[in-house]
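Asks: Need coordinates for the following:
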Amino acid sequence: MAGEANGALPQEVKSLFDSLQSALAANRTKTEELEKQVKKGGEDAVTKAEWKKTNDAFEEIKSEINGIYKKINRERQTGAPAVDAKAAALEAKANHEFGRWSTPSGQAIDLSKAAAERKAYAEASLRMLRIGEKALTADETKTLSVGSAPDGGFFIEPARSDQIITRLRETSDMRSIASVMSISAPSLKIPIDRDDVGYEWVGEQSTRNATSTPQVAEMEIPVHEISAMPKITQNMLDDAGFDVEGWLNGKISDRFGRAENSAFVTGNGTNKPRGFLDYPIATTADATRAFGTLQYKATGSSGAFKTGSASVSPADDLLDLIYMFNAGYRANLTWAMNKTVLGTVRKFKDQNGNFIYDPRLGANGIVDMVLNYPVKEFSDMPNLGADSRSVALGDFRRGYLIVDRQGIRQLRDPFTDKPRVLVYTTKRVGGAVVDSDAIKLLKFGSS
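Replies: Below is the predicted model of the structure:
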């Protein structure tokens, strides 16, 4: 972007980030007002509306900053946007196909006559602008009727955007935090080293005894196939005013991505990857827990965090979850929760009265931070409910492995269902927990 080269864009981001911090401060002020009102017996509707307004302002600025960074990254990957070139191509195509234009009744247009009428229309318009409507003849006044197609209205063409407004959909971006491996076989086998070697203390002259030898195990991650087969007519492919096939491919790729992300979180392993929420859970520590079982901590309250008091913070469970990990894991932990749960966590404070949520400006936009660890919004994580596992924390790069057999493959079939073209698209992917000590869950239940 031009602004980025001369330093204007960083200043724009800095200004927005300052606004973000101001919006967050205003939101926290309203949060504290609501807390005081709840302690006194109830919430004031006006204060709650003001809180929502400050919260919406914060989210809007955050989205704006993230949008700027997405645009920067997109232009770095693809070069300068080719909007003008694409618009020119569409205009050229329209001019090339001018001979196929028709009146509303379907009658074909005489191109030579149309050209003469356009010239006369332009000359009359110029006279009207210079002198006024009195300079026009009766026929010319009639000709200047935009609402009537035969009188020149068909020359007034509406502007058409070369971009499609696509609905933004939520997903769980596991690929950004998990490990990813490409293979050339239908499954991946991984040796698992969970055992330890035996030892003994001995004196200088003591007999040395044989000690236990560690054993290894093996796990297998199969790949599963996801497919789509939309169909489109050949005429649509030929005559549409934009790249229909490219648009459809983008839709398929996006849908595949969201489907596999959901499977990495909640999949049951049957014809799809197995998600980390599908694994058995236990409260036992890492040293004694069976491989493939995730450790969890219960909040003690069904469908809720702990109730705050002078000695208890709702954030205590989150802090406890951090220190259930061995020190080697704690350097690369990431929270996973949906936006509703994150909205709840944003209101929590530590024992010193400081909010535990601290957004920061990262390389790719705003990074949500809770207790100094980044948060990933996973739309597939459940809302708070009885015994729900709504918060996960882990070193997902160590804990979860995504296996790609190949990229997206596509077969265009124009023969099976004439005159339609079948766009048969497939992808093969697998996923599984490979280190069950690296991911832990917060369970919203009594035990």
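
Asks: Could you name whichever residue is most remote from the centre of the protein?
Replies: Gln205 (65.4 Å; C-alpha atoms, centre = their mean).

Asks: low-confidence ranges in the chain?
Replies: Applying pLDDT under 70 to the chain flags residues 1-10, 74-119, 121-122, 124-136, 138-168.

Asks: That one - how does it break down into domains?
Replies: With domains defined by automatic domain parsing, the chain comprises 1-79, 109-156, 173-196+212-447.

Asks: Let's have those in a markdown table, adding mean neighbour count.
Replies: (C-beta placed from N, C-alpha, C; glycine too.) Shown next, in a markdown table, are these (neighbours: other C-beta atoms under 10 Å):
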| stretch | mean neighbour count |
| --- | --- |
| domain 1-79 | 14 |
| domain 109-156 | 13 |
| domain 173-196+212-447 | 16 |
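
Asks: Can you tell me how far Val375 is from Asp404?
Replies: 26 Å (C-beta to C-beta, to the nearest Å).

Asks: Pro419 and Leu237, how far apart?
Replies: Pro419 is 10 Å from Leu237, by C-beta to C-beta.

Asks: cool, Lys14 as well?
Replies: From Lys14 to Leu237 the distance is 46 Å (C-beta to C-beta).

Asks: now swap in Thr213 and tell me
Replies: For Thr213 relative to Leu237 (C-beta to C-beta), the value is 64 Å.

Asks: same thing with Asp368?
Replies: 42 Å.

Asks: cool, and Val341?
Replies: Remark: distance between Val341 and Leu237 (C-beta to C-beta) = 44 Å.

Asks: So which residues of the stretch 301-447 of the chain form helices?
Replies: With helices called from DSSP state H, counting those that start in this stretch, the stretch 301-447 of the chain shows them at 316-322, 339-345, 396-399.

Asks: With respect to His224, which of those helices lies nearest?
Replies: Nearest of the helices of the stretch 301-447 of the chain to His224, taken as C-beta to C-beta: helix 396-399 at 19.9 Å.

Asks: Would you mind writing the CA trace of the closest one as PDB?
Replies: Written as PDB, here are the backbone C-alpha positions of helix 396-399 (Å, rounded to 0.1, in the frame of the first residue of the first chain):
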ATOM      1  CA  PHE A 396      -1.400 -26.700  20.500                       C
ATOM      2  CA  ARG A 397       1.700 -26.900  18.300                       C
ATOM      3  CA  ARG A 398       2.900 -29.800  20.500                       C
ATOM      4  CA  GLY A 399      -0.500 -31.200  21.400                       C
END
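
Asks: and that helix, how far out from the chain's middle?
Replies: 20 Å (C-alpha atoms, centre = their mean, to the nearest Å).

Asks: on contacts alone, who are the packing partners of that helix?
Replies: Applying 3 or more C-beta pairs under 8 Å, 6 or more residues apart in numbering; DSSP states H and E, one finds that helix 396-399 makes contact with no other helix or strand.

Asks: ok, now which ones touch the closest residue to Asp278 other than its chain neighbours?
Replies: Distances taken as C-beta to C-beta, 6 or more residues apart in numbering put Asn268 closest to Asp278, at 5.4 Å, once the chain neighbours are dropped. Residues near Asn268 by C-beta atoms under 8 Å, 6 or more residues apart in numbering: 274-275, 278.

Asks: Keep only those of these that are in strands.
Replies: In strands, judged by DSSP state E, none of the contacts of Asn268 are found.

Asks: Going by distance to Thr31, which of the residues you listed wins?
Replies: Gly275 (33.1 Å).

Asks: That closest one and Asn261 touch, don't they?
Replies: No: if you go by C-beta atoms under 8 Å, Gly275 and Asn261 don't touch, sitting 9.5 Å apart.

Asks: Quick check: neighbours shared by the two?
Replies: Counting by C-beta under 8 Å, 6+ apart, the residues touching both Gly275 and Asn261 are Asp380.

Asks: and Ser15, what element?
Replies: helix 8-40 (DSSP states H and E).

Asks: and the next element down the chain from that helix?
Replies: Next element after helix 8-40 (DSSP H and E): helix 45-78.

Asks: how far does that next one sit from the chain's center?
Replies: The answer for helix 45-78 is 14 Å, by C-alpha atoms, centre = their mean.

Asks: and what of stretch 349-362?
Replies: Distance, centroid of stretch 349-362 to centroid of chain: 24 Å (C-alpha atoms, centre = their mean).

Asks: List the contacts of that stretch.
Replies: Counting by C-beta under 8 Å, 6+ apart, 13, 17, 20, 24, 28, 62, 65, 313, 315, 318, 345-348, 366-372 sit against stretch 349-362.

Asks: Break down the stretch 101-250 of the chain into its strands, ranges please.
Replies: Here the stretch 101-250 of the chain has its strands, by DSSP state E, counting those that start in this stretch, at 179-182, 187-192, 217-222, 224-228, 231-233.

Asks: Redo those as CSV? Include distance to Thr307.
Replies: Formatted as CSV, the strands of the stretch 101-250 of the chain follow (distance: least, C-beta to C-beta, whole Å):
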stretch, distance to Thr307
strand 179-182, 38
strand 187-192, 41
strand 217-222, 41
strand 224-228, 43
strand 231-233, 56
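
Asks: quick one: which of those is nearest Asp243?
Replies: So among these, strand 231-233 is nearest, using C-beta to C-beta, at 12.2 Å.

Asks: Sheet partners, orientation included, of the closest one?
Replies: Looking at strand 231-233 with DSSP bridges, its partner strands are strand 420-433 (antiparallel).

Asks: Looks like Gln295 contacts Ala282 (just checking).
Replies: Yes: Gln295 is within contact range of Ala282, at 6.5 Å (criterion: C-beta under 8 Å).

Asks: Mutual contacts of those two, please.
Replies: Arg289.

Asks: Indicate which one of the helices of the stretch 301-447 of the chain is closest to Met174.
Replies: Nearest of the helices of the stretch 301-447 of the chain (C-beta to C-beta): helix 396-399, 7.3 Å.

Asks: So what touches that closest one?
Replies: Contacts of helix 396-399 (C-beta under 8 Å, 6+ apart): 174, 177-179, 276, 329, 332, 334, 336, 433-439.

Asks: Give the closest residue to Ile61 in space, chain neighbours not counted.
Replies: Leu20 (4.6 Å).

Asks: do the same with Asn27
Replies: In space, Asn27 is closest to Thr54, 4.0 Å off (C-beta to C-beta, 6+ apart).

Asks: List the residues that contact the one you found.
Replies: Taking C-beta under 8 Å, 6+ apart as the test, what Thr54 contacts is 23, 26-27, 29-30.

Asks: And for Ile221?
Replies: 187-190, 401, 403, 430-432, 434.

Asks: Which pair in these has the greatest spatial separation?
Replies: Counting by C-beta to C-beta, the most remote pair of the contacts of Ile221 is Lys189 and Gly431, 15.0 Å apart.
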